[in-house]
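Okay, structure incoming, though there's no sequence with it:
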């Protein structure tokens, strides 16, 4: 079975700054994969390249076997990305936003699935509200809903719980776990909450200054570092590779 | 095709939701021009025999409003989406460059035609307006709004802030539309300014459109069709090339 995400020797520079220095990564289908690293490590650059928002200098990027550049239509249909920035279109209601996003992916009459997502993200009563009228946490959940409207096999969540309160965070993870465990979606997650990554994810890759400094199953990492928490492992790895991370 | 249709629908819905600002405001400002200039110039020698100054002015004002609004639709939509960051929702989708381009441009055509039609219909109550050549009228409407809509996409991609867009509005679009023969005939200008006007593609859009409505023009409608058509084609080609390159859209 082809991997859900395949990244080989990915390089990306912005001027003289090398954001990614030859990153290689395989995420198997059905995995819940954490991509961790301090600020500026290259996590968002990697996600942007995967989503086609950024053009890599070199390397191979495939989603469900589809090359992100050469076969961009199939690759983009295969991935749903929740961006880190809290962005929204102030002209539309929540339902309009989700119908429009469905339409971009060629889907009409998608309201049953839209209603399901809205219910699970506790947004059902906000369906007809204008985006401007929503709180930060609600806007964040609409971003998640937008990434899910086309039922992508791969879901990329770039710090999805920033600014979301504890109760909603738990219901969000319950929903994402359902998508992962019952419906087989592959999840790639970046987060600054290491306890969340530890509780949810099977594999982890740790990025530092554009390079992967550790990659393994979380339980193996915990064993090899004889540690009880991912946070301790993370701090040890950051020390090993030069400095304390700011996770 | 569904993706293209959705983006077109979304772009039309976007300006329709703020029709007060996108339809009514240009109508009011254009009618004010008509009111002021037609009154001031009433009784002056006519530019073309049998055509009052008010009737001469209307095709110019209609085309001017179409050009300005087609430009404003694509440019403001793009710059707003870039500044607020929501352009990402379109960039993440499987839409092709062609679908992106035509959805934005056709929405600009729709807004231009809507504003132009409302101005024309309102003016029709006050002035006797013939409709001489429907083919030319439609050809110049379509080509001119495609031309202005494409220019708007280029401006929207280039601009990263609202004040950069104001530079385009105030120093490019406004002079090009005002110094384009909307208010006067080319023959009434001193030779230098008449020659300068001949380099302005908006002049040909207005002159050709006037031929469609009144049956009179400063230059041959075929010459105007050639200039507006080739400018539109060049701008479309450039816009598609820029979109394909991802310049200022994909890092």
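Cool, got the structure. This one's a predicted model, so the numbers in the text were calculated from it and none came from an experiment.

which bits of the stretch 51-200 of chain B sit near chain A?
Among all residues of the stretch 51-200 of chain B, those adjacent to chain A (criterion: CB under 8 Å from any CB of the partner chain) are B:81, B:84-86, B:88-96. C-beta coordinates here come from the backbone N, C-alpha and C atoms, glycine included.

excluding its backbone neighbours, what's nearest the residue of chain B found nearest chain A?
With CB to the nearest CB as the measure, the residue in chain B that lies nearest chain A is residue B:6; the distance is 2.8 Å. Taking CB to CB, 6 or more residues apart in numbering or on different chains, and ignoring the residues beside it in sequence, residue B:6 has residue A:103 as its nearest neighbour in space, at 2.8 Å.

now residue A:186
Setting aside the residues directly before and after it, residue A:186 is nearest to residue A:4 in space (CB to CB, 6+ apart), at 3.8 Å.

cool, residue B:116 as well?
Counting by CB to CB, 6+ apart, the nearest residue to residue B:116 once its immediate chain neighbours are dropped is residue B:66, at 4.0 Å.

rewinding a little: just list the residues touching the residue of chain B closest to chain A, thanks.
Contact analysis of residue B:6 by CB atoms under 8 Å, 6 or more residues apart in numbering or on different chains lists A:100, A:102, A:103, A:104.

can you give me the helices in the stretch 151-251 of chain B?
Under the criterion DSSP state H, counting those that start in this stretch, helices of the stretch 151-251 of chain B are mapped to B:162-168, B:174-178, B:191-197, B:201-214, B:221-245.

any idea which of those is most buried?
helix B:201-214 (a mean of 27; mean count of other CB atoms under 10 Å in any protein chain shown).

and that one, how far from the chain's centre?
Centroid separation for helix B:201-214 versus its chain: 12 Å, with CA atoms, centre = their mean, to the nearest Å.

what's the average pLDDT for the longest helix seen in chain A?
Scanning chain A for the helix with the most residues, using DSSP state H, yields helix A:166-181. Averaging pLDDT along helix A:166-181 gives 87.

So the residue lying closest to residue A:207 once chain neighbours are set aside versus chain B, what's the distance?
Of all residues not flanking residue A:207 in the chain, residue A:37 sits nearest, at 3.6 Å (CB to CB, 6+ apart). According to CB to the nearest CB, to the nearest Å, residue A:37 stands 19 Å off from chain B.

Pull the contacting residues for the closest residue to residue B:156 other than its chain neighbours.
Residue nearest to residue B:156 in three dimensions, not counting chain neighbours: residue B:78, with 2.8 Å by CB to CB, 6+ apart. When contacts are counted by CB under 8 Å, 6+ apart, residue B:78 is found next to B:87, B:104, B:152, B:153, B:156, B:157.

repeat for residue A:213
A:206, A:207, A:237, A:240, A:241.

Out of these, the closest to chain B would be?
residue A:207 (18.0 Å).

What parts of chain A come near chain B?
A:14, A:48, A:51-55, A:72-74, A:76-77, A:81, A:83, A:85, A:87-92, A:96, A:100-108, A:146.

mind running it again at 6 Å?
Applying the criterion CB under 6 Å from any CB of the partner chain, the portion of chain A that neighbours chain B consists of A:51, A:53-55, A:73, A:76-77, A:81, A:83, A:85, A:87, A:89, A:91, A:100, A:103-104, A:106.

Inside strands: which ones of these?
Secondary structure of the residues of chain A next to chain B is defined by DSSP state E; positions in strands are residue A:81.

Among the residues of chain A next to chain B, which lie within helices?
Per DSSP H, the residues of chain A next to chain B map to helices at A:51, A:73, A:76, A:77, A:100, A:103, A:104.

Check whether the fifth one really touches residue B:10, as I assumed.
Yes. Between residue A:100 and residue B:10 there is a contact under CB atoms under 6 Å: 5.0 Å.

And the residue of chain A closest to chain B?
Per CB to the nearest CB, residue A:103 is where chain A lies closest to chain B, at 2.8 Å.

what about that residue, distance to residue B:229?
Distance check for residue A:103 against residue B:229: by CB to CB, to the nearest Å, it reads 32 Å.

Over to residue A:126?
With distances defined as CB to CB, the gap from residue A:126 to residue B:229 amounts to 48 Å.

what does residue A:44 give?
Distance from residue A:44 to residue B:229, by CB to CB: 44 Å.

returning to what we had before: can you tell me the element the residue nearest to residue B:116 falls in?
Assigned by DSSP states H and E, residue B:66 falls within helix B:53-84.

if you average pLDDT over that helix, what comes out?
Taken as a whole, helix B:53-84 has an average pLDDT of 93.

Nothing else from me, thank you.
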